[in-house]
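In: Here is the input, now give the coordinates:
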Amino acid sequence: MTQELDAFHAALAAHDDVAINPSGNTPLDRLVDQGRRNVLKGGLALAAIGFFGGGISACRAVADNGLLGFKGVPQQFDPAFDRVLVPEGYSARAFFSWGDAVLADAPAFKGDASETWQDQLKQAGDNHDGMHFFPFPDAPDDHGLLVMNHEYINPTLHTDGIVYVDGKRKVEDVKKEQAAHGVSVIEVKKDAQGHWQRVDGSRYNRRISTLTAMTLSGPLAGHELMKTASDPEGREVIGTLNNCSMGITPWGTYLACEENWHNYFINRDQADYAQRVSHWRYGIAKDGVSKNYGWETADPRFDATPAADQPHGGHVNEPNRFGWVVEIDPFDPTSTPKKRTAVGRFCRECSTLSLGTDGRMAYYYGDDTKGEYIYKFVPEGRFDPANPAAARDLLDKGTLYVARFEAGGKGRWLALVHGQNGLTAENGFPSQAEVLVNARAAADLLGATPMDRPEWVAVHPTSRDVYVTLTNNDDRGSKKPVDAANPRPQNLHGQILRWTEEDADPTATTFQWEVFLLAGEPEGAKDEAGKPVPANLIGTIKGDAFSSPDGLAFDPAGRLWIETDFDDEDPAMKRIGCNQLLCADPTTREVRRFLVGPRGCEITGITFTPDGRTLWINVQHPGLSYPASDGKSRPRSTTVLITRNDGGVIGT
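Out: Modelled structure (predicted):
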């Protein structure tokens, strides 16, 4: 099973990393050399530019404020490393694992994966990812709801792995996989001794999955592009898929983001596929079986081959119903999740809020594929904290933008609006519906900047500076030329960008940007033969080296937390060690390693209590014997609870 799991993750990585952007957008090509020189000197010198009133806030001359108060932990190179390492004075314990009970009548995890799909609907899903802690007002630091995504499944979900019989999947197995996707909501509370516990049987506890009915909301609700044989009205979708990172709203709801949903569909009609932008521009399969699971062999919804003998072409439009933000009210377990279609459709990594003092806001998104784009959505209305109920449908109207990173550290947001910037019927966009369903193609036309796998976005809690992780791109320099924002060929280690919107206004259409850091090996690093490593592997990190930044979040004090996701079995990563959680000071740029996870895992998902004294992170798909929440069963994706032994604030 270990070999099968390794092969499965390798296949997932290969599919997720395929660059399919045909645009050829290279708006910075004439200033590549200048941009690379600026970046490799340690960042663009922007503080002297007066247009933004002093430049990017973290670049101002500010003394070291001592944000990083912990002693960093070392890298781990042991191929049998199987635990979570945290600094001196801290404790980490497994808290919530795949298969743990969510609903009151859920069976206990059996250990041999023999649970049925009905059992799985009551238990924690697989591959924990983005999550958020929603506090109860009466005890915000001691009691709340922990809400988390379950991104995908491992073959270990089944006793015998993923099985095909005569080229088809078993219906029961597919339903179990669908049940293991989605979202968990669990109530958590400190006990009399001050220890966090899950509240069994809570009325708030809930599982949302690929079998949960959801409402389509916004401009695509009821549109012809959303109608299928199973939903001729085009208003109800069954399920959500591949929820990676997430977001929250100021009115207290959770935003699950559908990332690599394209891997679940197939269209075998080659002629139709070639002309259907909503299929080929997103990379759904066109022959064989769907790229990951073969669900279409057991569930016809996932066969998007057009069927002339069925209403609305059968399920040819089913892929159009995924790739959205799913809004969930965690405090109302009877509520129906809503897919918000005004925000556009792509492989969305996150939905990160920036809220202005006047109630205007923006949501930032990365499209997590090599050579894709960074977007933001500006709602039409404003949030009024005195009337949060009036905000419940603010995500149904607004403007979607895509980013262009221009020369000299300037950038602009290009509006994806029908009738503007060439988004007309003559160019394949007869209405706003086509712009939103085919947001990638619309962004191609506008000349957006192709990025090195844009993933999580984080917004500083006071300055509103925006940070984004660009995880890596080994095609950069071959399929996409380098540019100032993506300055390295064969970029194996990735980078973090940051920008400031004009006047720190989330709704601004211009911004000032820089490279916060290039990840990679330290200056002067040598390979095993004692030779200098190539320049494209050297980073600009001040402090502890790492590769492939992915998860990103600020804590209440303004520390920037960075999670990594690379293949720690890849020979190119052997000098990096296992995946990590690091912490950065935005002012001094110092980076310190806080945590190392077990071999084979990804570190992802991060959330704090409001007082900053409790931290949860997720250890996804650990490859070795890292114990689950029961302390004894086989390795499972697990939420880890981290506290300081003296009860103090994490990171100080």
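In: tell me which element Leu216 falls in.
Out: Element membership of Leu216, judged by DSSP states H and E, is strand 213-217.
In: Also Asn618?
Out: strand 614-620.
In: Could you list the low-pLDDT ranges of this protein?
Out: Within the chain, the segments meeting pLDDT under 70 span 1-17, 26-65, 624-627.
In: Show me where the stretch 101-250 of the chain has its strands.
Out: For the stretch 101-250 of the chain, the strands defined by DSSP state E, counting those that start in this stretch cover 128-135, 143-150, 164-165, 168-169, 182-190, 196-198, 206-208, 213-217, 236-238, 243-248.
In: In terms of secondary structure, what does the second one contact?
Out: Here strand 143-150 touches strand 128-135, strand 182-190, strand 243-248, strand 254-258, strand 602-608, going by 3 or more C-beta pairs under 8 Å, 6 or more residues apart in numbering; DSSP states H and E. (Glycine included, C-beta is placed from N, CA and C.)
In: Take those strands and write them to JSON lines, including mean neighbour count.
Out: Compiled in JSON lines, the helices and strands packed on strand 143-150 are given as follows (neighbours: other C-beta atoms under 10 Å):
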{"stretch": "strand 128-135", "mean neighbour count": "23"}
{"stretch": "strand 182-190", "mean neighbour count": "22"}
{"stretch": "strand 243-248", "mean neighbour count": "26"}
{"stretch": "strand 254-258", "mean neighbour count": "27"}
{"stretch": "strand 602-608", "mean neighbour count": "26"}
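In: would TSV of these with distance to Lys574 be doable?
Out: Below are the helices and strands packed on strand 143-150 laid out as TSV (distance: least, C-beta to C-beta, whole Å):
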stretch	distance to Lys574
strand 128-135	26
strand 182-190	35
strand 243-248	27
strand 254-258	32
strand 602-608	17
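In: His143: which of the ones you listed is closest?
Out: Set against His143 and scored by C-beta to C-beta, these come closest in strand 182-190, at 4.5 Å.
In: which strands and helices sit next to that closest one?
Out: Strand 182-190 sits against strand 143-150, strand 196-198, strand 206-208, strand 254-258, with contacts defined as 3+ C-beta pairs under 8 Å, 6+ apart.
In: Mean neighbour count, these: which tops it?
Out: Stretch with highest mean neighbour count among these: strand 254-258 (a mean of 27; mean count of other C-beta atoms under 10 Å).
In: and for the helix or strand following that one, what are the contacting residues?
Out: Per DSSP H and E, strand 254-258 leads on to helix 270-275 as the next helix or strand towards the C-terminus. Under the contact criterion C-beta atoms under 8 Å, 6 or more residues apart in numbering, helix 270-275 has outside partners Asn267, His279, Trp280, Lys286, Asp287, Thr305, Pro306, Val316.
In: The second one touches Ile266, doesn't it?
Out: What it means is His279. No - counting by C-beta atoms under 8 Å, His279 stays clear of Ile266, with 9.4 Å between them.
In: hey, what's in contact with both of these two?
Out: Counting by C-beta under 8 Å, 6+ apart, the common neighbours of His279 and Ile266 are Lys286, Ala304.
In: Mind putting the helices and strands packed on strand 182-190 into a markdown table with distance to Phe136?
Out: Shown next, in a markdown table, are the helices and strands packed on strand 182-190 (distance: least, C-beta to C-beta, whole Å):
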| stretch | distance to Phe136 |
| --- | --- |
| strand 143-150 | 5 |
| strand 196-198 | 14 |
| strand 206-208 | 16 |
| strand 254-258 | 15 |
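In: Quick one, which of those gets closest to Trp98.
Out: Using C-beta to C-beta, the nearest of these to Trp98 is strand 143-150, at 7.9 Å.
In: Break down this structure into its helices, ranges please.
Out: Counting by DSSP state H, the chain has helices at residues 2-16, 32-40, 117-120, 171-180, 270-275, 277-280, 432-437, 439-446.
In: So what's the gap between the fifth one and the chain middle?
Out: Put simply, helix 270-275 sits 30 Å off its chain's centre (C-alpha atoms, centre = their mean, to the nearest Å).
In: distance between the ends of stretch 583-602?
Out: One end of stretch 583-602 to the other measures 16 Å (C-alpha to C-alpha, to the nearest Å).
In: circling back to that earlier point, mind putting the strands of the stretch 101-250 of the chain in CSV, distance to Ile576 included?
Out: What follows is these, written out as CSV (distance: least, C-beta to C-beta, whole Å):
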stretch, distance to Ile576
strand 128-135, 21
strand 143-150, 26
strand 164-165, 36
strand 168-169, 36
strand 182-190, 31
strand 196-198, 32
strand 206-208, 35
strand 213-217, 39
strand 236-238, 40
strand 243-248, 22
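In: From Asp505, how far out is the closest residue to Gly359 other than its chain neighbours?
Out: Spatial nearest neighbour of Gly359, chain neighbours left out: Arg382 (3.5 Å); criterion: C-beta to C-beta, 6 or more residues apart in numbering. Arg382 sits 13 Å away from Asp505, going by C-beta to C-beta, to the nearest Å.
In: Which residues are in contact with each of those two?
Out: Shared contacts of Arg382 and Asp505 (C-beta under 8 Å, 6+ apart): Arg360.
In: Of the two, which one has the most company?
Out: Under the criterion of other C-beta atoms under 10 Å, the comparison of Arg382 against Asp505 puts Asp505 first, with 18 against 15.
In: quick one, what contacts the nearest residue to that one once chain neighbours are set aside?
Out: Spatial nearest neighbour of Asp505, excluding adjacent residues (C-beta to C-beta, 6+ apart): Gly356 at 6.3 Å. Applying C-beta under 8 Å, 6+ apart to Gly356 gives the contacts Arg464, Ala504, Asp505, Pro506, Thr507.
In: Just give the number of residues close to Ala274.
Out: Ala274: 12 surrounding residues under other C-beta under 10 Å.
In: From what I see, Gly543 and Val591 are in contact.
Out: Yes - counting by C-beta under 8 Å, Gly543 touches Val591, with 3.9 Å between them.
In: Mutual contacts of those two, please.
Out: Taking C-beta under 8 Å, 6+ apart as the contact rule, Gly543 and Val591 both touch Ala584.
In: one step back: so of the contacts of helix 270-275, which two are at opposite extremes in space?
Out: Top of the distance list for those (C-beta to C-beta): Asp287 and Val316, 16.1 Å.
In: For those two, indicate the residue with more neighbours.
Out: The neighbour comparison of Asp287 against Val316 (other C-beta under 10 Å) goes to Val316, with 25 against 9.
In: The more buried one is in contact with Thr305, isn't it?
Out: Yes - Val316 is within contact range of Thr305, at 7.1 Å (criterion: C-beta under 8 Å).
In: Residues in contact with both of those two, list them for me.
Out: Asn267, Asp272.
In: can the contacts of helix 270-275 go into CSV with extra columns for distance to Ala94?
Out: As requested, the contacts of helix 270-275 are arranged in CSV below (distance: C-beta to C-beta, whole Å):
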residue, distance to Ala94
Asn267, 41
His279, 41
Trp280, 42
Lys286, 41
Asp287, 42
Thr305, 43
Pro306, 47
Val316, 44
